[in-house]
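Q: below are the sequence and a predicted model; questions follow.
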Amino acid sequence: YTTIHSLTIHTMADAKGSEIVPQLHEFGITDQDLSVAIKVLDAVSSLDPKNTKKNKKRKAASDDQQQEETDGLSEFRKPNLRQFRKSLASCLSLHQQLMYDGKSEKEFYEKKLEERTLKRQKNGREGTAKEVCGCYQFETREG
């Protein structure tokens, strides 16, 4: 069955004219499919007002130069993008694991704070070196 299944996937990929993405082979996703998904994500991200580079491209592509500025968030909330938002939300957890080294955001920042505190304590105990007659004398810092 595995051989037949993989042959079917390769046949589907051949029909589309591109190669199967190895991580998504069980879904029959091709490089071309991935390219389209990236294009869609880039287009949707242009709704974010913070994304000025993509907003310029979006405005340049607009037919109506007098088009009133719209709020990107309200555009993103419209019903026609509902399924897109749901699918995107399911990817968020995976992306956060990538961003936070496999931990939750809270755990990640708690660990960073703990490491920073320990580093400060260590630096405070080490003291500074002063040269006195060719020898080093160590003084500890207070507070």
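A: Noted; the coordinates are in hand.

Q: run through the chain and note the low-pLDDT ranges.
A: 1-17, 52-70, 126-143 (pLDDT under 70).

Q: all the strands of it, residue numbers only.
A: With DSSP state E applied, the chain shows strands at 128-132, 135-139, listed in chain order.

Q: from Val40, how far out is the nearest residue to Asp71 once chain neighbours are set aside?
A: If you skip the residues right next to it in sequence, Asp71 has Pro49 as its closest partner in space, 8.0 Å away by CB to CB, 6 or more residues apart in numbering. Where you see a C-beta, it was placed from the backbone N, CA and C, and this is true even at glycine. According to CB to CB, to the nearest Å, Pro49 and Val40 sit 19 Å apart.

Q: so in the chain, which helix runs the longest?
A: helix 105-126 (DSSP state H).

Q: could you say what helices and strands it packs with?
A: Using 3 or more CB pairs under 8 Å, 6 or more residues apart in numbering; DSSP states H and E as the contact definition, helix 105-126 packs against no other helix or strand.

Q: just the CA trace of that helix, in CSV.
A: Backbone C-alpha positions of helix 105-126 (Å, rounded to 0.1, in the frame of the first residue of the first chain) are rendered in CSV as follows:
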residue,chain,number,x,y,z
GLU,A,105,6.4,32.3,25.6
LYS,A,106,6.0,32.6,29.4
GLU,A,107,8.5,29.8,30.1
PHE,A,108,10.9,31.3,27.6
TYR,A,109,11.0,34.7,29.2
GLU,A,110,11.0,33.4,32.7
LYS,A,111,14.2,31.4,31.9
LYS,A,112,15.8,34.4,30.2
LEU,A,113,15.0,36.5,33.3
GLU,A,114,16.5,33.9,35.5
GLU,A,115,19.6,33.6,33.4
ARG,A,116,20.0,37.4,33.4
THR,A,117,19.6,37.6,37.2
LEU,A,118,22.2,34.8,37.7
LYS,A,119,24.6,36.6,35.4
ARG,A,120,24.2,39.8,37.2
GLN,A,121,24.8,38.1,40.6
LYS,A,122,27.9,36.4,39.3
ASN,A,123,29.3,39.6,37.9
GLY,A,124,28.6,41.4,41.2
ARG,A,125,30.5,38.8,43.1
GLU,A,126,33.5,38.7,40.9
